[in-house]
Each structure stands twice: as structure tokens, then as C-alpha cells.
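# Sharing a sequence plus its predicted fold:
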Amino acid sequence: MPIFNLGSINADLTYRVPHIPSAGETLAAQSRVQGLGGKGANMSVAAARAAARTIHIGAIGADGQWAADRLFEYGVDTRHIFSVDAPTGHAVIAVDKMGENMILLFPGANQAIGTAHLATAFAEARAGDFFLFQNETSGGIEGARMARAQGLRVVYAAAPFDASAVEQVLPLLDMLVLNEVEARQLHASTGLEPRALPVQDVVITLGSKGALWLNPRLGTDHLVPARKVDPVDTTGAGDTFTGYLVAALDRGMPMEQALSLASDAAALMVTRHGTADVIPDLAEVHALRGG
Ligand code: ATP
Ligand code: RIB
């Protein structure tokens with residue numbers, strides 16, 4: 001069944017720096033690379049590379065056809081990427097020697113997605129399909145409502161964190177994916193511990209410590225430790241994890257196995273410089289796992 005991914009599309013301008021600059025500091029970068037990114041595009045590429053039929057719902061400006069072309073080349077269905085009267089989104093990313101990053105986002109066209117765009121895409125959706133989204137585009141809350149009404153399984157990655165958006169979509173979700181910081185922010189804004197959230201499955205990614213699956217219905221916690229690797233760039237690790245996880249669930253894999261596959265894909269991702277362009281494919285992840 002297809003994954004409908006309402007997702008941001010960015011040009012990622014990545015600068016390698018000796019350290020993350022602080023306020024007021026001027027710092028020379030050691031290199032600069034431009035690639036395809038955006039949390040949404042990264043998730044679509046990850047899902048497609050994990051062998052799922054992935055339909056991207058997004059927007060680009062007149063300067064962004066290269067990004068839609070690249071998504072198509074990576075196996076993503078791009079028929080619902082619309083051209084709008086705004087510049088394509090971009091991100092300025094600084095990556096330090098430890099692989100940590102700082103991201104400055106220009107949303108641009110990503111904020112021009114309206115309900116008409118969503119309705120056109122959802123005309124193709126069937127009950128049981130997945131709807132995936134995050135916080136880098138407009139239309140997320142409306143999309144979740146429409147998806148829920150049509151019986152899609154709704155998965156939300158709460159990044160970048162926006163307390164009001166999360167609170168509005170919580171009742172519409174089947175699965176919530178968030179990192180440790182976002183989990184703390186959600187606790188602070190709602191007063192609810194992750195285990196008390198009204199969502200069937202909650203997955204908290206813990207960086208090099210792995211990922212934790214909380215299932216309040218079963219009353220269980222399941223920790224997936226991360227594979228030991230030498231990270232060079234953690235940008236897009238969470239997106240790779242989420243795209244792989246949803247793709248594996250879409251193929252009917254049990255949750256524990258899907259989490260393990262997603263964790264290995266993300267571990268491989270942090271050993272590479274870049275974002276969408278370097279997300280590993282299934283063959284590479286299987287090779288890492290020993291065939
Ligand atoms: P980002 O915003 O950088 O994409 P994130 O903060 O959303 O990432 P993280 O929790 O940092 O998400 O990482 C997501 C997943 O990637 C982790 O659950 C883990 O599986 C994998 N991962 C991240 N960092 C490492 C690491 N150093 N070693 C191995 N795996 C890692
Ligand atoms: O999660 C990484 C992504 O965040 C980058 O690709 C960048 O475009 C920003 O959206």
C-alpha cells in the first residue's frame with residue numbers, strides 16, 4: 001500500500017566547520033556542498049529506498065524542478081509536487097568535526113501547500129494506506145484530519161518541534177516519532193509523560209543510544225540499541241529512521257523488526273556526509289546486517 005508523505009523539499013547547503021558557530025562569531029567553512037534535503041524529502045527517499053511505494057505531496061518554486069527530478073530519480077512518485085509562486089525552501093547546515101549540526105531553515109514554497117493540493121492527492125488514497133508528515137510544511141493538521149477521515153494510518157514526526165501543532169494532531173495519530181529533546185518539549189507543553197500520550201505507538205529516538213518504542217495499549221517498552229558506528233554527520237538520521245520504519249510497517253513487518261531495520265539504516269546514514277542524496281538503500285542496509 002502506498003505511503004502518502006506530505007513533506008518539505010529543500011536545497012541543503014551544507015558547510016563543514018571546525019565547530020558550531022556561536023552568536024556574533026564569524027567562522028570560515030572548510031567545504032560547501034549543495035544537495036537535496038528537507039525532512040519530508042529525506043523521509044520519502046528513505047521510504048522509497050526501503051522499497052515502499054512513496055507518493056510525495058509537496059511544493060517547489062520555479063527554481064526547484066531539479067529537486068522534484070531528483071526525487072523521481074530516487075524512486076519517489078512526484079506527481080503531487082506542485083509548482084507555486086514562492087522560492088523553493090532551503091537549509092543552511094553547519095556540521096562540526098563530531099558530526100553534530102546546526103540548521104537554519106528558509107521554508108519558502110513548503111509553506112504554500114493548501115487543502116486543494118491535499119485533496120487532489122488524497123483522491124488516490126485508500127483505507128489502510130499510510131499518511132506521514134512533519135512540521136516543515138503547511139497543511140499538516142488539515143492533512144491529518146483528511147487522512148483520518150479516509151481511514152489512513154497517520155504517522156507524525158514532531159520536528160521541528162511546535163507545541164501547538166503537536167497538541168492539535170495528537171488525537172489524529174496512530175504513531176508519533178520524536179527525538180529525546182522533542183519528547184521533553186512535549187512533556188513540558190502538555191504535562192503528559194510519553195507513556196500517557198493518547199497515541200497507539202510512540203517512538204522516541206535516542207541518537208547513539210538507539211530508539212525506544214512505547215506502546216501504552218500493551219503496556220510495554222521496547223528498546224532498540226543503536227549499532228556502534230563512527231558518526232561523521234548526523235543530519236537526516238531521524239528522517240532516515242522514520243522513512244525506513246514506515247516503509248517496513250507498510251510491507252507488513254512486525255514493529256520490533258521494523259525498528260531494528262530503521263535503526264540500522266540510520267546508523268549507516270550517520271557514517272555519510274549529506275542528506276537525501278546519501279540515504280542508504282535496502283541492499284546496503286542488508287549488507288551491514290550481514291546479508
Ligand atoms: P536528526 O535531526 O539529526 O535527523 P534526530 O535528532 O531526529 O536526528 P536521533 O535520535 O539523533 O534523531 O537519531 C535517529 C536515529 O538515528 C537513532 O534512533 C539511531 O537509530 C540513529 N543514530 C543517530 N545517531 C547515531 C549514532 N551516533 N550511532 C548510531 N546510530 C545513530
Ligand atoms: O532533518 C534534516 C533536514 O532538516 C535537512 O535536510 C534540512 O533540509 C532540514 O529540513
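Thanks, I have the structure now. Ligands and ions are numbered 1, 2, ... in the order given.

# Now do the buried residues in stretch 143-156.
Along stretch 143-156, these residues count as buried under the neighbour rule (16 or more other Cβ atoms under 10 Å): 143-148, 150, 152-156. C-beta coordinates here come from the backbone N, C-alpha and C atoms, glycine included.

# for stretch 112-126, that is, sorry about that
Of the residues in stretch 112-126, those scored as buried under the neighbour-count criterion (16+ other Cβ under 10 Å) are 112-113, 117-118, 121-122, 125.

# Tell me how many other residues crowd the closest residue to R32 other than its chain neighbours.
Using Cβ to Cβ, 6 or more residues apart in numbering and skipping the chain neighbours, the partner closest in space to R32 is Y15 (5.3 Å). Neighbouring residues of Y15 were enumerated by other Cβ atoms under 10 Å; the total is 18.

# In the stretch 151-291 of the chain, what residue spans correspond to helices?
Under the criterion DSSP state H, counting those that start in this stretch, helices of the stretch 151-291 of the chain are mapped to 163-169, 180-190, 237-250, 255-269, 282-288.

# do you know which of those helices lies nearest M43?
Counting by Cβ to Cβ, M43 lies closest to helix 237-250 out of those; the figure is 4.0 Å.

# Now do T78 against I57, distance only.
According to Cβ to Cβ, to the nearest Å, T78 stands 10 Å off from I57.

# And for V154?
Between V154 and I57 the distance is 14 Å, computed by Cβ to Cβ.

# And I3, by the same measure?
Distance of I3 to I57, given as Cβ to Cβ: 11 Å.

# OK, contacts around L206?
The neighbours of L206, taking Cβ atoms under 8 Å, 6 or more residues apart in numbering as the test, are 179-180, 212, 226.

# For these, could you give me TSV that also reports pLDDT and neighbour count?
TSV is the format used below for those (pLDDT from 0 to 100; neighbours: other Cβ atoms under 10 Å):
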residue	pLDDT	neighbour count
N179	97	21
E180	96	13
L212	98	18
A226	98	20
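
# Is A109 in contact with T88, as I believe?
Yes. Distance between A109 and T88: 5.3 Å, which falls inside the contact criterion (Cβ atoms under 8 Å).

# For the residue of the chain found nearest ligand 2, what are phi and psi?
Sorted by distance to ligand 2 under Cβ to the nearest ligand atom, the residues of the chain start with G37, at 2.7 Å. Listed backbone geometry of G37 is phi -150, psi -160, with angles given as degrees, to the nearest 10.

# Tell me who's in contact with it.
Contact partners of G37, counting by Cβ under 8 Å, 6+ apart, are 10-12, 91, 93, 235-236, 275-276.

# switch to 10 Å and redo it
Residues in contact with G37 (Cβ atoms under 10 Å, 6 or more residues apart in numbering) are 8-14, 45, 67, 89-91, 93, 103, 235-236, 239, 274-277.

# per-residue confidence for the one residue sitting closest to the centre of the chain?
Against the mean C-alpha coordinate of the chain, by Cα atoms, centre = their mean, the closest residue is D239 at 3.3 Å. The predicted structure scores D239 at 98 on the pLDDT scale.

# In contact with it: list those residues for me.
Contacts of D239 (Cβ under 10 Å, 6+ apart): 7, 37-47, 134, 157, 159, 177, 266, 269, 275-276, 279.

# Can you tell me how far it is from N179?
D239 sits 11 Å away from N179, taking Cβ to Cβ as the criterion.

# what touches both of these two?
Among the neighbours of D239, those also in contact with N179 (Cβ under 10 Å, 6+ apart) are 157, 159.

# So for stretch 188-197, what gets flagged as buried?
Applying a neighbour-count criterion of 16+ other Cβ under 10 Å, one finds 194, 197 buried in stretch 188-197.

# Am I right that the residue nearest to R32 falls within a strand?
Yes. Looking at Y15 with DSSP: H, G, I helix; E, B strand; the rest coil, it is inside a strand.
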